[in-house]
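[1] Quick check, what structure comes out for this input:
(2 chains)
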Amino acid sequence: MANMAQAIRMALHYGEKHLGVTDVFGEDVGPPLGGVFTATQGLKTSWNSPLDERGIIGTAIGLALAGQKPVAEIQFCDYIFNTIDLLKIAGNTTWSSNGEWCVPMVVMTPVGSGIRGSIYHSHSFDAMMTHIPGWKIVMPSTPLDAYGLMLAAVRDPNPVMYLKPKALLRVRGEELIPGEPADEKTLKEMIDAPLGDRSRWKPRWPALQDHAVEIGRGRVRREGSRLTVVSYGRTLPLCLQAAEKLAAEENVEAEVIDLRSLWPYDWDLIAQSIRKTRKVLFVNEDTEVTNFGEHLLRRAVEDFFYELDAAPRLVAGAHIPGIGLADSLEMASVPQMPSIFQAMLELAREVP
Amino acid sequence: MANDTPEARHLKVAKAQPGFRLAPELLLRMHDLMVKTRVLEERLIKMYKQNDGFFWIGGPGEEAFNVALGLLIRKGSGPKFDYFHGHYRSAGVLLAMGAEPLDFIRQMKCVASDPFSGGRNFSGHSSIRKWNVVPISSPIEVQFSMAPGTAMANKRAGKAITIVVGGDAGSAEGDFSTALVWSSRPADPLPLLMAVTNNKWGISTPAEGQHGDRLISERGTAFGIRSETFNGNDPEEAYARLAEIMEYVRAECRPALIEAYVSRLYGHSSASGANFVAEEEDPIKIFETRLEREGLISRKRIEAIWSQYGDEMLKHAQQARHEPQPDPKSIWDHVYCGQKGRAGRYV
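    Prediction:
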């Protein structure tokens, strides 16, 4: 099974071959490195840009306006903040021109903690990004969804922000991407660039097939009847682990929803689950003040105030300027399995 | 040797050339478009002062350079044609390309028929997709970060080029450096013409308080970019220099940087009053004196052109005044490509 980095790479290859992707670019995205997380190795249209984030986003806008199909990368979302006004422009160009122009571009960027990345390799970007209208925003938590969401992002005629949870990029999936060889070693030999001289290396791509994950559709990753947990990205697998522990130790079955798309998002799926469980917890790792989970919380309160059996909750990152490097600091700054488990347990035990 | 100093070059380009180098038909066409542009801008200012618009910003004083540029752009849709990334002083470029003055007046009046933005944006914020005029937005210099993208598409499609224009104060933004760096990488040079219209002001601050480069065009020299400074208030000089340098960008598929001295005749925008600044040189007056002196046009004919455009713009303003405002429900239109109406609670 592919890991998420390989899945993204295969999706971009599929995009180049079948969906008109013209440029996959950014810092160290092209040969020889193929991306700091290897997600762009061996791609035909990949190239290295100057170390200039504003140039990367601006050029992606220009390419998109001129009928190309760019996928641009900001190496870490920690370095995307000086492009905010350009992201605003990408998101408002269709609206400002009263529909005259569309901006079909994808920006991908690794987000979040989990690799001991210190202050400038651990930022989240979902709260900031969901404040910029006109974009679609996705964030996979499995390689198969990473593959499918990238195909959907590339097909979309709008700017799409593709957030890559960096802690999950090397995690192998449990589901086969259509066309990939089941054996990890075989896949590695086919599409991973060798160490050392790569100048003559060419990937042997498997016969990949289409598998679009519709933007705006979440996915129930674990069914349960007692409480609903909604998450995405790095914290999603932690929610699943916490749910298993809760089932084993407390005999409480939690439903876990992977939002996958942050904008637009699948409120129908969340609402359906809340109607069933009457309890909901939102989990993400961005700083907790004006957090996207707060928006979801507001909607849960407005729509289900009289139906809920417990106060809805948000578990998110501490509202502090950065994530410290020391293991103890990182663990204390963003949600971990025990804190998620504790919040689920309290929610389960609460009675009206 | 003294001729090679930047100051000497500046003096040289600031001097008017004796006689004419361009055909009389072209000179008269440029004059006509320059007057048309000026009268449009002055009508927009009047509309603002009469409460027929919320804000004015534009380019009176830049007509010579802008009209010359507009006439030289190869207009069309898609990367086989030139892309134009203008700013809010670019009306003269667009009128020279063939844009309708009524459309600028509609944008000033924020009526639903405003083809640039449907009543959503300030005056001077045009967008004409059929001619590759990408939407003009308010942030200073961002167009310089986008222009490498359209220039790459031009390069792939053939002999078309991208033109990006900004002011002298805007060259302080990092986006200006972005365009210099991205267009001149030896591995992938781009057919990008970067133009700085230097009016020696940054909003309320004179150039002395904005930047200290002897010539802004010299910044291109460090990148091996062909760079020139000339008098953008002389339409003939502007046309001749632009024609040559655009041909270079087109034929060689390489970037170029030009700096053109222009005037700013009504200040930065309506925020500073939009009143006529008598100290600045008026390129149209200078051009008319030359045309008249050389016998290309009579004073009577000049006055007739001004009067004809005066009547035309007034009629346009009267028409726009009676056109409907945008439907409040339309705020949801075009959040996404092709979207009409509201699709959900927040979209």
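
[2] where do the helices sit along chain A?
    A:4-18, A:53-65, A:84-96, A:126-129, A:143-155, A:184-191, A:235-250, A:267-277, A:292-304, A:327-333, A:337-349 (DSSP state H).

[3] Out of these, indicate the one that is most buried.
    Ranked by mean neighbour count, the helices of chain A are led by helix A:53-65 with a mean of 28 (mean count of other C-beta atoms under 10 Å in any protein chain shown). For every residue, glycine as well, the C-beta is placed using N, CA and C.

[4] if we can go back for a sec, quick one: closest of the helices of chain A to chain B.
    For chain B, the closest of the helices of chain A is helix A:53-65, at 1.9 Å, according to C-beta to the nearest C-beta.

[5] Centre of the chain to that closest one, how far?
    21 Å (C-alpha atoms, centre = their mean, to the nearest Å).

[6] Just give the nearest non-adjacent residue to the most centrally placed residue in chain A, would you?
    What sits nearest the mean C-alpha location of chain A, by C-alpha atoms, centre = their mean, is A:M139, with 1.9 Å. Leaving aside its sequence neighbours, A:M139 sits nearest to A:L163 (C-beta to C-beta, 6 or more residues apart in numbering or on different chains; 4.1 Å).

[7] Same question for B:A112.
    B:P326 is the one closest to B:A112 (C-beta to C-beta, 6+ apart), at 4.5 Å.

[8] Tell me, how many residues neighbour the one you found?
    18 (other C-beta atoms under 10 Å in any protein chain shown).

[9] Enumerate the residues of the stretch 101-250 of chain B near chain A.
    Within the stretch 101-250 of chain B, the positions adjacent to chain A are B:114-118, B:120-121, B:125, B:127, B:129, B:132, B:134-135, B:137, B:139, B:142, B:144-154, B:156, B:162, B:174-175, B:178, B:181-182, B:185, B:188 by C-beta under 8 Å from any C-beta of the partner chain.

[10] what about burial for these, which qualify?
    Among those, those buried by neighbour count (16 or more other C-beta atoms under 10 Å in any protein chain shown) are B:114-118, B:120-121, B:125, B:127, B:129, B:132, B:134-135, B:137, B:142, B:144-154, B:162, B:175, B:178, B:181-182.

[11] Out of those residues, which sit inside strands?
    B:T162 (DSSP state E).

[12] What's the nearest residue in the stretch 151-300 of chain A when you look at chain B?
    For the stretch 151-300 of chain A, C-beta to the nearest C-beta, closest residue to chain B: A:P157, 4.1 Å.

[13] How about that residue: what's its closest non-neighbour residue?
    In this structure, A:P157 finds its nearest non-sequential neighbour in B:C337, 4.1 Å apart by C-beta to C-beta, 6+ apart.

[14] hang on, that neighbour packs against A:C102?
    Yes - contact criterion C-beta atoms under 8 Å: B:C337 and A:C102 qualify, at 3.7 Å.

[15] And for the closest residue to chain A within the stretch 1-150 of chain B, nearest residue in space, chain neighbours not counted?
    Nearest residue of the stretch 1-150 of chain B to chain A (C-beta to the nearest C-beta) works out as B:G149 at 1.9 Å. Spatial nearest neighbour of B:G149, excluding adjacent residues (C-beta to C-beta, 6+ apart): A:G62 at 1.9 Å.

[16] what's the answer for A:P178, then?
    Excluding the flanking residues, the one nearest A:P178 by C-beta to C-beta, 6+ apart is A:Q209, at 3.8 Å.

[17] do the same with B:S227
    Distances taken as C-beta to C-beta, 6+ apart place B:G220 nearest to B:S227, at 3.4 Å, with adjacent residues excluded.

[18] Just give the number of residues close to the one you found.
    B:G220 has 24 nearby residues by other C-beta under 10 Å.

[19] OK, contacts around A:N3?
    By C-beta atoms under 8 Å, 6 or more residues apart in numbering or on different chains, the contact set of A:N3 is A:P143, A:L169, A:R170, A:V171, A:R172, A:G173.
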